[in-house]
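could you look at this predicted model? Sequence included:
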Amino acid sequence: MSLVLDGLIFAVGWTHVLLAPYTKVEESFNLHGVHDALMYGVGPANLHKYDHVIFPGAVPRTFIGSVALAWIATPVIRLAAWAGYLNTKFDLQIIVRLVLATLNALALSLIRRGATRRFGRPTGLFFALLTCSQFHYPFWMGRTIPNMYATIPVNLATYLLINRAPNAVKTPHRSLVSVVFLLVLAAVVLRAEVAALLAPLCIQMLYRRQISFGELLKVGLISSIASVSLTVLVDSYFWNAFPLWPEFSAIYFNVLEGKSAEWGVSPPSTYFISYLPKLLLGSLPLSIIGIFIDNRLRTLLLPALAFVALMSMLGHKEWRFIVYVVPACNIAAARVTSVMVSRRKGTLVGRLLFLAVPAIIAANMLVTVLSTKASMDNYPGGEALSVFHQIYPANTTYPPPHVHISNLAAQSGASLFLQLNAPPQYYLQHPILKTDDVHNSWIYNKTENLSASSLSSRTSPFTHLISEFSPDADSSLEKKWRTVKVIKGFDRWVLDKDLLKPAKVLSEKWDVDLVKRFAGLLRVEESDKLWILERKA
Ligand SMILES: *[C@@H]1O[C@H](CO)[C@@H](O)[C@H](O)[C@H]1NC(C)=O
């Protein structure tokens, strides 16, 4: 049973990767970090070829997560190559994302085991079902945003905090030391906001006399020195600037200088009334009940709540800044669920509570299916490049295309891993990926801020464009370029309200057509996003 539930967590993470294999702009720094570490290695000779040298972004970010992921993925890549499953660079992207999803699933299944030990088997069962039926966390498990690197140490810490006998009051001392170390590492190296989770947790440890102040200070200092040294050494090297501590610069830039506000400011309540409901779906009301029925859950959730409250004080808010509290909330929700199902033989209320459980999980799944469907349709850049490669086969298209990739395309899936017919083709010095004659190598050009007229001018080098502007709307494009293919993308779900009116339903004959229309009651509305253009002869 235990293996089945763990298997479910892994399978859900992998399924999301396979259903939506392309990536978005938030993922691209780390994804390209992994790409460059795999393709060029981390030696000094090739560092100048790294993507961040050409497109450095607003603030430097750490390479530690990406290099670690590249190294962990390497044996898997070798295995896939040996088994004959590695044919293009895009396969590498999928493998890397599957490996990240696996690491996150591993941490979640440890939490599930801890929850089983502390709260009983039903809680472990419902933890798996609630987690897998949600959308955000499983969808992002295999996405290379720094937050989904940081969730790995944070979840290990959550596991260590709950993994003990049901009545044990104290967390084992060794676990506490590891918890502090893991959270310091996550905060210093990967995501600074984890410090806002560590602080209330430390106060709680001291208040509950689980650790002495002197001891905590010692562990904290040693962990900090080790983590800061690691990130300064590694990231100064990659960014060629000494001393560099990326997460500290991020705090300096975003919090102290207040620059994060430039990304948009949301009201203080946003996390509680908008993002937590989105992240947790049906688990939210259940976990709130949990705070009142079990003081072990109170101990678990208070630092998480304090964290969200602290994060609410920052102007700029994103769901991913608070994603770390999701597993703890799901433990609480699972515990409440286990109480709900235990009353099924009793009163009417007990039976209703029992029935509410499958209803909540089904509601989660409905939201997840709709969100997944929408997301699959939301990577026009990735789709455009894939279609481009189908239309123009490698080695048979002359002259080899020099294709311009517009900003929207680059941000919605056209990652370096999708530049199939251009170097680098060598991976780990093994020509696993068939290299073509270098003379046939294509150029994928991401130069930003080019106007339609400069793209089209006689002197511009481009043979093809993946344009975010319709040639119908621009005369210089219209004159010089032929539309080969239009790529659509998701806009919104629309409900055919007309079909729901009782008069309408009753008046119509029930035939195949009406049933068909019912099937289309809820449909995806799309619009044109990108145009694949070829220069007119
Ligand atoms: C990409 O396009 C820009 C603008 O036309 C051009 O200056 C640059 O040389 C191109 N890059 C490559 C590798 O050809």
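In hand now; what should we look at?

taking the stretch 51-200 of the chain, what residue is nearest to the ligand?
Using C-beta to the nearest ligand atom, Ile54 is the residue of the stretch 51-200 of the chain that sits closest to the ligand, at 10.3 Å. Bear in mind the C-beta positions are built from the backbone N, C-alpha and C, glycine included.

pretty sure Leu130 is touching Leu284, no?
No. Here Leu130 does not reach Leu284: they are 10.6 Å apart, not a contact under C-beta atoms under 8 Å.

common neighbours of the two, please.
Ala333 (C-beta atoms under 8 Å, 6 or more residues apart in numbering).

settle it for me: which of these two has more neighbours?
Leu130 (26 against 15; other C-beta atoms under 10 Å).

pLDDT score for that one?
pLDDT for Leu130: 98.

which residues does it contact?
Leu130 makes contact with Gly282, Ser283, Asn330, Ala333, Ala334, Thr337, Ile361, Asn364, according to C-beta under 8 Å, 6+ apart.

just those: which are in helices?
With helices taken from DSSP state H, the overlap with the contacts of Leu130 comprises Ser283, Asn330, Ala333, Ala334, Thr337, Ile361, Asn364.

so what's the residue count around the third one?
Spelled out, that is Ala333. Residues lying near Ala333 (other C-beta under 10 Å) number 28.

need the residues of this structure near the ligand, please.
Applying C-beta under 6 Å from any ligand atom, one finds that the chain approaches the ligand through Ile443, Asn445, Thr447, Ser460, Pro461.

and the third one, how close does it get to Asp472?
So the one you mean is Thr447. Separation of Thr447 from Asp472 (C-beta to C-beta, to the nearest Å) stands at 24 Å.

for the residue in the stretch 401-537 of the chain that the ligand sits nearest to, phi and psi?
Here the residue of the stretch 401-537 of the chain nearest the ligand is Asn445; by C-beta to the nearest ligand atom that distance is 3.7 Å. Backbone torsions for Asn445, taken as degrees, to the nearest 10, come to phi -110, psi 120.

thought it was touching Ala409?
No. If you go by C-beta under 8 Å, Asn445 and Ala409 don't touch, sitting 11.4 Å apart.

now the closest residue to Ile289 other than its chain neighbours: how far from Asn330?
Of all residues not flanking Ile289 in the chain, Val336 sits nearest, at 5.0 Å (C-beta to C-beta, 6 or more residues apart in numbering). Going from Val336 to Asn330 by C-beta to C-beta gives 11 Å.

of these two, who's got more company?
Asn330 (30 against 25).

can you check the pLDDT for that one?
pLDDT, read off for Asn330, is 98.

how about it, what does it touch?
Phe127, Leu130, Thr131, Gln134, Leu280, Ser283, Ser287.

quick check: it vs Asn440, distance?
Taken as C-beta to C-beta, the span from Asn330 to Asn440 is 51 Å.

work out for me the element Pro461 sits within.
Using DSSP states H and E, Pro461 is not contained in any helix or strand.

ok, it touching Pro401?
No. Assessed by C-beta under 8 Å, Pro461 is found out of contact with Pro401, at 10.7 Å.

overlap in contacts of the two?
In terms of C-beta under 8 Å, 6+ apart, Pro461 and Pro401 are both contacted by the residues Ile443.

these two - which one has more neighbours?
Each of Pro461 and Pro401 has its neighbours counted (other C-beta under 10 Å); Pro401 has more, 20 against 8.

buried only: go through the residues of the chain next to the ligand for me.
Neighbour counting by 16 or more other C-beta atoms under 10 Å classes Ser460 among the residues of the chain next to the ligand as buried.

farthest-separated two in the residues of the chain next to the ligand?
Ile443 and Ser460 (12.3 Å; C-beta to C-beta).

pull the contacting residues for whichever residue of the stretch 201-350 of the chain sits closest to the ligand.
Going by C-beta to the nearest ligand atom, the ligand is nearest to Asn240 of the stretch 201-350 of the chain, at 22.2 Å. Listed by C-beta under 8 Å, 6+ apart, the contact set of Asn240 reads Leu47.

mind running it again at 10 Å?
Contacts for Asn240 (C-beta atoms under 10 Å, 6 or more residues apart in numbering) come out as Pro44, Leu47, His48, Val53.

got the confidence number for it?
94.

which SS class is Pro423?
coil (DSSP: H, G, I helix; E, B strand; the rest coil).

what about it, neighbour count?
Pro423: 13 neighbours (other C-beta under 10 Å).

what score does it have for pLDDT?
Turning to Pro423, the model gives it a pLDDT of 85.

for the residue lying closest to it once chain neighbours are set aside, give its distance to Ile222.
Once flanking residues are discounted, Pro423 sits nearest to Ser441: 6.0 Å by C-beta to C-beta, 6+ apart. With the distance defined as C-beta to C-beta, Ser441 ends up 50 Å from Ile222.

likewise for Asn378?
For Asn378, the distance to Ile222 - C-beta to C-beta - is 44 Å.

neighbour count: the two, which is higher?
Taking other C-beta under 10 Å, Asn378 and Ile222 do not tie; Asn378 has more neighbours (18 against 14).

where does the more buried one land in three-state SS?
Assigned with three-state DSSP, Asn378 falls in the coil class.

list the contacts for the residue lying closest to it once chain neighbours are set aside?
Excluding the flanking residues, the one nearest Asn378 by C-beta to C-beta, 6+ apart is Phe490, at 4.6 Å. Counting by C-beta under 10 Å, 6+ apart, Phe490 touches 373-380, 524-527, 529.

quick one on the thing from earlier: shared neighbours, Ile443 and Ser460?
Counting by C-beta under 10 Å, 6+ apart, the residues touching both Ile443 and Ser460 are His402, His404.

where do the strands sit along this protein?
Remark: strands assigned in the chain by DSSP state E are 402-405, 443-445, 464-467, 481-495, 522-535.

among those strands, which is nearest Val99?
Nearest to Val99 among the strands of the chain is strand 443-445; the distance by C-beta to C-beta comes to 25.0 Å.

alright, calling it a day.
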